[in-house]
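S.K.: Sequence and predicted model, in that order:
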Amino acid sequence: MAMAWIWTGMVAASVVFGLVNGTIGAVSGAAMEGAGAAVELCLSMAGIMCLWNGVMAVMKASGMMDGLSRLFRPALCRLLPQACRDPDTLAALSGNVSANLLGLGNAATPLGIRAATRMARGSGGQATDELCRLVVLNTASVQLLPTTVAGVRAALGAESAFDILPAVWLASALSVTAGLLAAWALGSVWRT
Amino acid sequence: MDYSAYLVPLLLAFTALFGVGRRVNVFEALSRGAEEGLTILLRILPNLVGLMTAVYMLRASGVLDLLGDLLAPLLVRLGIPPETAALLFIRPVSGSGALAIGSELMGAHGPDSYLGRVAAVMLGSTETTFYTIAVYFGSAGVHKTRYAIPAALIADLTGFMAAAWSVRLLFGV
């Protein structure tokens, strides 16, 4: 439902502003252009997105997800010590993190939900500190290969669609660090 | 900035060889993954049709420029290019909306321009925060979210600032 309001708001704002500002002619032209541009964009990013989703699937099939899981387990256990005491929760958690890293959203979400559900047991519907940290970990999007963005860049004629990778990694690392620090700071004041 | 010229082919070759070494039917897995890529695209496309229309209208009406101008004093202080103002608002709420605004930015300024790269890195290093929180807490039966939303939004804001900063650092302006 939120999207209905956002979309209506966007369209209404451009019409009102177009009338007031005298740009309604341009708005009308743009309204005929956007839909075509969307289809064009999707078509021209289809190749690169399919290819890299395929590469991710090969990585998953050859056990790289499990390798990543093992690699990140120690860090996870420091971050979420209580959750890690339960082996099933730990398995779901590390699967969630490594699927996120590989950009496998479809695999990451069910695993994350399973971990969150187990961690929420006995908390009386209240987010524990560890649940908040898990959510921050998932909202900060730490992704090794952002395939959709690379697809858009390739579709628009970027010289090298993946040259933004180091910048994405750096920004992701900083954002997840800031999120966890904020959670830690807020957790010590935000009781009940 | 040549490293990505090696990265892509090396990553492809490594993945293929690693998979073959693990006795995986590499080609079949690749095709299945590619099929999933198509499903993702098919799910994005209908949303994008509506959202790109709205974003193009917003751009043509001048609302986006106005928003950028209004927020410029604050955003410049944070090191965020004011042109990306609309992206900052829609990113935590709608993934397709952010993709629509981001690709409009990349298209208008060029994907290899400073702004185009900042928009791309912003998209790549943040998530649809409110949606994620709703899905996780909703299915776990958590009603009192405590500080999860402010902490996640701090992470988003840091991501936006870091996107602009890291593009400046790695590519120059």
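M.R.: Cool, the structure landed. Residues are numbered from 1 along each chain as shown, chains lettered A, B, ... in the order given.

S.K.: Which other helices and strands does the longest helix seen in chain A contact?
M.R.: In chain A, taking DSSP state H as the definition, the longest helix is helix A:24-61. Secondary-structure packing of helix A:24-61 (3 or more CB pairs under 8 Å, 6 or more residues apart in numbering or on different chains; DSSP states H and E): helix A:2-21, helix A:147-155, helix B:3-21, helix B:26-61, helix B:95-109. Heads up, the C-betas are built off the backbone N, CA and C, glycines and all.

S.K.: how long is stretch B:59-67 from one end to the other?
M.R.: 10 Å (CA to CA, to the nearest Å).

S.K.: hmm, it touching chain A?
M.R.: Yes. On the criterion CB under 8 Å from any CB of the partner chain, stretch B:59-67 is in touch with chain A at B:R59, B:A60, B:S61, B:G62, B:V63, B:L66.

S.K.: Check stretch B:39-48 too.
M.R.: Yes. Shown here: stretch B:39-48 in contact with chain A (CB under 8 Å from any CB) through B:I40, B:L41, B:I44, B:L45, B:L48.

S.K.: Not including adjacent chain positions, what is the nearest residue to A:D66?
M.R.: A:S98 (7.7 Å; CB to CB, 6 or more residues apart in numbering or on different chains).

S.K.: Do you know the pLDDT at the one you found?
M.R.: Listed pLDDT for A:S98 reads 89.

S.K.: ok, it - how many residues close by?
M.R.: 26 (other CB atoms under 10 Å in any protein chain shown).

S.K.: which other helices and strands contact the helix or strand hosting it?
M.R.: A:S98 is part of helix A:87-101 when elements are defined by DSSP states H and E. With contacts taken as 3+ CB pairs under 8 Å, 6+ apart, helix A:87-101 sits against helix A:64-79, helix A:81-84, helix A:105-119, helix A:129-139.

S.K.: Who are the packing partners of the shortest one?
M.R.: Taking 3+ CB pairs under 8 Å, 6+ apart as the contact definition, the neighbouring helices and strands of helix A:81-84 are helix A:64-79, helix A:87-101, helix A:105-119, helix A:129-139.

S.K.: returning to that earlier point: which of the helices and strands packed on helix A:24-61 has the highest mean neighbour count?
M.R.: Of those, the one with the most neighbours on average (mean count of other CB atoms under 10 Å in any protein chain shown) is helix A:147-155, at a mean of 26.

S.K.: name the helices or strands packed onto it?
M.R.: helix A:24-61, helix B:26-61, helix B:95-109, helix B:114-125.

S.K.: Please repeat the previous calculation with a cut-off of 6 Å.
M.R.: helix A:24-61, helix B:114-125 (3 or more CB pairs under 6 Å, 6 or more residues apart in numbering or on different chains; DSSP states H and E).

S.K.: With mean pLDDT and distance to A:V176 added, can I get these in CSV?
M.R.: Converted to CSV, these look like this (pLDDT from 0 to 100; distance: least, CB to CB, whole Å):
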stretch, mean pLDDT, distance to A:V176
helix A:24-61, 92, 20
helix B:114-125, 96, 9
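
S.K.: Output the ones you listed as TSV; include the columns mean neighbour count.
M.R.: Converted to TSV, the helices and strands packed on helix A:147-155 look like this (neighbours: other CB atoms under 10 Å in any protein chain shown):
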stretch	mean neighbour count
helix A:24-61	20
helix B:114-125	28
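
S.K.: Which one, of these, ends up nearest to A:L79?
M.R.: helix B:114-125 (19.3 Å; CB to CB).

S.K.: so after the closest one, what's the next helix or strand?
M.R.: helix B:129-140.

S.K.: What residues of that next one count as buried?
M.R.: B:T129, B:F130, B:T132, B:I133, B:V135, B:Y136, B:F137, B:S139, B:A140 (16 or more other CB atoms under 10 Å in any protein chain shown).

S.K.: Disregarding residues adjacent in the polypeptide, which is nearest to B:S31?
M.R.: A:G54 (6.6 Å).

S.K.: helix/strand/coil for A:G157?
M.R.: coil (DSSP: H, G, I helix; E, B strand; the rest coil).

S.K.: For it, grab phi and psi.
M.R.: Phi and psi for A:G157, reported as degrees, to the nearest 10, are phi 90, psi 30.

S.K.: Now it: closest residue in space that isn't a chain neighbour?
M.R.: B:P111 (6.4 Å).

S.K.: Pull the contacting residues for A:V58.
M.R.: B:T15, B:G19, B:V26, B:A29, B:L30 (CB atoms under 6 Å, 6 or more residues apart in numbering or on different chains).

S.K.: what's near enough to touch the last one?
M.R.: It stands for B:L30. A:G54, A:V58.

S.K.: quick one: it from B:L42, how far?
M.R.: Remark: distance between B:L30 and B:L42 (CB to CB, to the nearest Å) = 19 Å.

S.K.: likewise the third one?
M.R.: In this view, B:V26 and B:L42 are 25 Å apart by CB to CB.

S.K.: same thing with the fourth one?
M.R.: B:A29 is 20 Å from B:L42, where distance means CB to CB.

S.K.: who touches the residue nearest the centre of chain B in this structure?
M.R.: Nearest to the geometric centre of chain B sits B:L123, at 1.5 Å (CA atoms, centre = their mean). Contact analysis of B:L123 by CB under 6 Å, 6+ apart lists A:V149, B:G102.
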